[in-house]
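Engineer: can you look at this prediction? I've put the sequence above it.
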Amino acid sequence: MERTITVALPPDAVWRFLVDFTTTEEWDPPTLSTERTSGDGGVGTTYHNVAKFRGNRTEVDYVVTEYDEGRCLQLRGDATGLEVVDTFTLEPTDAGGSQLTYSARFTRRVGPDPVDLPSMDVLGDYVAESLQDSLENLADDPAVADDLPGD
């Protein structure tokens, strides 16, 4: 699944939000909790995520595999029988905002690859909408509002 969203927040504000993967609790609807278990956010940092999808509780251990400051963050997650790769690519817009592309690839360790469920499209739309709402709500934070274009 891949979705692209555009927000008025400058890339550095979006990056600060995304690079702390524990924010999945705010924008990823299936996520129940995410805890950083080691590292400083860069390559090798690990997170433990607990999510509920289609009635099933899933625990995923993520590791940051790519970290290109302000541009790209990639995490690989391992769950029982499933590998998840989440990639965030960030670009500035001409208006001073951000264009964020989020992709998530789910690969079964046994059986057909990749996971292709009809509900994945619905989930992709839901996650994109929630992520956009969370980023737009950051503008209400006084610490972030000072960074907005035109301020």
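Structural biologist: Okay, I see it. Numbers count the residues shown, from 1 in each chain.
Engineer: separation between residue 107 and residue 81?
Structural biologist: The gap separating residue 107 from residue 81 is 10 Å, by Cβ to Cβ, to the nearest Å. Backbone N, C-alpha and C define where each C-beta goes, glycine included.
Engineer: quick one: which of these two has more around it?
Structural biologist: Remark: of residue 107 and residue 81, residue 107 carries more neighbours, 14 against 11, as counted by other Cβ atoms under 10 Å.
Engineer: so the more buried one sits right up against residue 82, yeah?
Structural biologist: Yes - with contact defined as Cβ atoms under 8 Å, residue 107 reaches residue 82; the gap is 7.0 Å.
Engineer: so, low pLDDT: which residues of the protein?
Structural biologist: 109-124, 126, 140-151 (pLDDT under 70).
Engineer: now do the helices in it.
Structural biologist: For the chain, the helices defined by DSSP state H cover 11-19, 24-27, 118-138, 142-145.
Engineer: in the strand ranked longest in the chain, which residues are buried?
Structural biologist: Across the chain, the longest stretch assigned as strand under DSSP state E is strand 56-68. Judged by neighbour count (16 or more other Cβ atoms under 10 Å), strand 56-68 contains these buried residues: 58, 60, 62, 63, 64, 67.
Engineer: and for residue 7, the neighbour number?
Structural biologist: Residue 7: 21 neighbours (other Cβ under 10 Å).
Engineer: distance check, it against residue 134.
Structural biologist: Computed as Cβ to Cβ, the residue 7 to residue 134 distance reads 10 Å.
Engineer: now stretch 41-48 - C-alpha only, CSV.
Structural biologist: Presented in CSV, the C-alpha positions along stretch 41-48 are these (Å, rounded to 0.1, in the frame of the first residue of the first chain):
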residue,chain,number,x,y,z
GLY,A,41,15.9,7.1,16.3
GLY,A,42,18.6,6.5,13.7
VAL,A,43,19.6,3.3,11.9
GLY,A,44,19.4,0.3,14.3
THR,A,45,16.8,1.9,16.6
THR,A,46,14.2,-0.6,17.7
TYR,A,47,10.5,-0.3,18.5
HIS,A,48,7.9,-2.7,19.8
